[in-house]
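K.L.:
Structure for this input, please:
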Amino acid sequence: MRTEKIGSMSEAIREDEVSASLLEEAHRSAGAQFEERDGRVLPASYGDVIAEYESVRASDGAGVIDLSGRGQIEVTGAEAEQFLNGLITNDVKTLKDGAWMNAAFPTVQGRLIAFARVLRRDGRFLFDTEAATRGKVLKALERFTLAGDFHVSDLSDETAVISVQGARSVEIIGAVLGQEAANVERERVFTANWNEREVTVIRATHTAEDGFDLFVNSAGAVSLWENLNARGARPVGFDALEILRIEAGEPRYGADMDETNVVLEIGRDDAVSFTKGCYVGQEIIARIHWRGHVAKRLAGLMVDGATQRGDKIRNSEAREIGRITSAAFSPLLQKTIALGLVKYDYLGPGTEVKILSEETEHAAHVAELPFVRGGWYGAERSE
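P.N.:
Purely as a prediction, here's the structure:
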């Protein structure tokens, strides 16, 4: 349903609907263990979570990750730029053809509906968003379909998103898609011709390592996946990716953020233009920005013990100052790390706090994000 009207598309996305990955058979052949996440059945692991993790973190490795559960929504029309600029936080008018930017969809109260990447190609805008926010983005866009020359197509079910992450990602992308694809600059979009199919390539990280996200029609997905694997990119499931993304300080919708958060609380200020003028929720977001800071913000924590989502964060006087949103044990740092929403006065790196987990209190301190500064940052490692 490439060009179906937005109203019927958004109604068709049921919250309880579960669908399989376009790459399901390839995952089964690799020994994947599956789980449901955000309405998609995807590989949790391929039998060895630590080996999958290490394939991305190793200085001579790379991992290939199926991100096909993400939403892909295309917007076209002569008035698309105008309408979109009043709807999202970043300045679409500054987005050149062949480039991409981060943006947020806010409510009128400045709270977060969704984060998305916006790719502009040949006058078309492609919104790439998490699986959990696909329906939210469609609903946010639907109001404009009858307002002018503004057309929406949900391409999610016919588009595979494959990510290659790690030190060898440049080498592998060059071998499979050509050196021009491997040399694509950050915030630029490259279209590779591969096996008589188009593959959209962007430089992107989900792990703090160098990496690429590839968008390909479903008909070419399995072959592309197999070629990347054959060149040395090891399949990585979502259990390993969860550790990697927490180490990278990458928030996930439904865990670290949702519609109760003001956009600026998540620390993704690159998704917001403070100079473009009026858009939905702009007055509140601008007021917070020019005031100087939000009341709380997503932060990193190093914990002396176990913790989990929902645990309370306390100061030295035992007053609650935040809560844990994601946690994992870092194999690289050999330490429990966590993301959490923390009150502004306690955000300084090194600030000592306490974590209350199942009535047990653990010492912790605030850490600068990302926890791991991998190849995306020049291969530095945070401690």
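K.L.:
how is this protein carved up into domains?
P.N.:
1-292, 295-377 (automatic domain parsing).
K.L.:
For the spatially closest residue to residue 258 that is not a sequence neighbour, which residues are in contact?
P.N.:
Excluding the flanking residues, the one nearest residue 258 by C-beta to C-beta, 6 or more residues apart in numbering is residue 112, at 7.0 Å. The C-beta positions use only the backbone N, C-alpha and C, and glycine is treated the same way. Residues near residue 112 by C-beta atoms under 8 Å, 6 or more residues apart in numbering: 104, 105, 106, 257, 258, 259, 261, 262, 263, 266.
K.L.:
and what of residue 22?
P.N.:
68, 160, 218, 221, 222.
K.L.:
Give me the subset of these lying in helices.
P.N.:
Taking DSSP state H, the ones among these that sit in helices are 221, 222.
K.L.:
and stretch 233-240, how far from the chain's centre?
P.N.:
16 Å (C-alpha atoms, centre = their mean, to the nearest Å).
K.L.:
So what's the model's average confidence on that stretch?
P.N.:
On average, the pLDDT along stretch 233-240 is 98.
K.L.:
Show me where this structure has its helices.
P.N.:
Assigned helices in the chain, in chain order: 6-12, 24-29, 49-57, 80-85, 134-142, 169-177, 179-182, 221-230, 238-247, 282-291 (criterion: DSSP H).
K.L.:
Tabulate those in CSV, adding columns for distance to residue 360 and mean neighbour count.
P.N.:
Output for the helices of the chain, formatted as CSV (distance: least, C-beta to C-beta, whole Å; neighbours: other C-beta atoms under 10 Å):
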stretch, distance to residue 360, mean neighbour count
helix 6-12, 44, 16
helix 24-29, 38, 15
helix 49-57, 26, 22
helix 80-85, 48, 19
helix 134-142, 36, 22
helix 169-177, 40, 21
helix 179-182, 48, 16
helix 221-230, 43, 18
helix 238-247, 21, 24
helix 282-291, 35, 15
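K.L.:
quick one, which of those is nearest to residue 125?
P.N.:
Residue 125 lies closest to helix 80-85 among the helices of the chain, at 6.0 Å (C-beta to C-beta).
K.L.:
Give me the helices and strands touching that closest one, please.
P.N.:
With contacts defined as 3 or more C-beta pairs under 8 Å, 6 or more residues apart in numbering; DSSP states H and E, helix 80-85 has these neighbours: strand 124-129.
K.L.:
who touches the strand it packs on?
P.N.:
70-76, 80-81, 84, 92, 114-120, 136-137, 155, 161, 200, 213, 215.
K.L.:
for the nearest residue to residue 66 once chain neighbours are set aside, what are its contacts?
P.N.:
Counting by C-beta to C-beta, 6+ apart, residue 66 lies nearest to residue 23, which is 5.2 Å off, once chain neighbours are set aside. Applying C-beta under 8 Å, 6+ apart to residue 23 gives the contacts 66, 68, 160, 162, 221, 222, 225.
K.L.:
Tell me which stretches of the stretch 251-383 of the chain form strands.
P.N.:
Assigned by DSSP state E, counting those that start in this stretch, the strands in the stretch 251-383 of the chain fall at 296-303, 312-314, 320-330, 335-343, 352-357, 360-367.
K.L.:
circling back: out of the helices of the chain, flag the one nearest residue 313.
P.N.:
helix 238-247 (15.8 Å).
K.L.:
With mean neighbour count and mean pLDDT added, can I get the strands of the stretch 251-383 of the chain in TSV?
P.N.:
Output for those, formatted as TSV (neighbours: other C-beta atoms under 10 Å; pLDDT from 0 to 100):
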stretch	mean neighbour count	mean pLDDT
strand 296-303	23	98
strand 312-314	20	98
strand 320-330	19	98
strand 335-343	23	98
strand 352-357	19	97
strand 360-367	17	98
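K.L.:
Can you select the buried ones among the contacts of residue 112 for me in PyMOL?
P.N.:
PyMOL command restricting the contacts of residue 112 to the buried ones, with burial defined by 16 or more other C-beta atoms under 10 Å:
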select buried, resi 104+105+106+257+261+262+263+266
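K.L.:
now the contacts of residue 112 in CSV, with pLDDT and distance to residue 243?
P.N.:
Below are the contacts of residue 112 laid out as CSV (pLDDT from 0 to 100; distance: C-beta to C-beta, whole Å):
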residue, pLDDT, distance to residue 243
104, 98, 26
105, 98, 28
106, 98, 30
257, 98, 19
258, 97, 22
259, 97, 26
261, 98, 23
262, 97, 28
263, 97, 26
266, 97, 20
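K.L.:
Count the residues that sit near the residue lying closest to residue 275 once chain neighbours are set aside.
P.N.:
Closest residue in space to residue 275, ignoring its immediate chain neighbours: residue 91 at 7.6 Å, by C-beta to C-beta, 6+ apart. By other C-beta atoms under 10 Å, the residues close to residue 91 number 17.
K.L.:
which ones are touching residue 91?
P.N.:
85, 273, 275, 276.
K.L.:
State the pLDDT value of the closest residue in space to the second one that isn't next to it in sequence.
P.N.:
Nearest in space to residue 273, with sequence neighbours left out and distances taken as C-beta to C-beta, 6+ apart, is residue 91 at 4.0 Å. In the prediction, the pLDDT value recorded for residue 91 is 98.
K.L.:
Can you report phi and psi for residue 91?
P.N.:
The phi/psi pair for residue 91 (degrees, to the nearest 10) reads phi -90, psi 100.
K.L.:
Pull up the gap between it and residue 72, please.
P.N.:
With distances taken as C-beta to C-beta, to the nearest Å, residue 91 is found 22 Å from residue 72.
K.L.:
And for residue 174?
P.N.:
25 Å.
K.L.:
Likewise for residue 156?
P.N.:
5 Å.
K.L.:
Residue 231 now?
P.N.:
25 Å.
K.L.:
got it, and residue 124?
P.N.:
12 Å.
K.L.:
what about those two, which has more around it?
P.N.:
For the pair residue 124 and residue 72, the greater number of neighbours falls to residue 72 (22 against 15), based on other C-beta under 10 Å.
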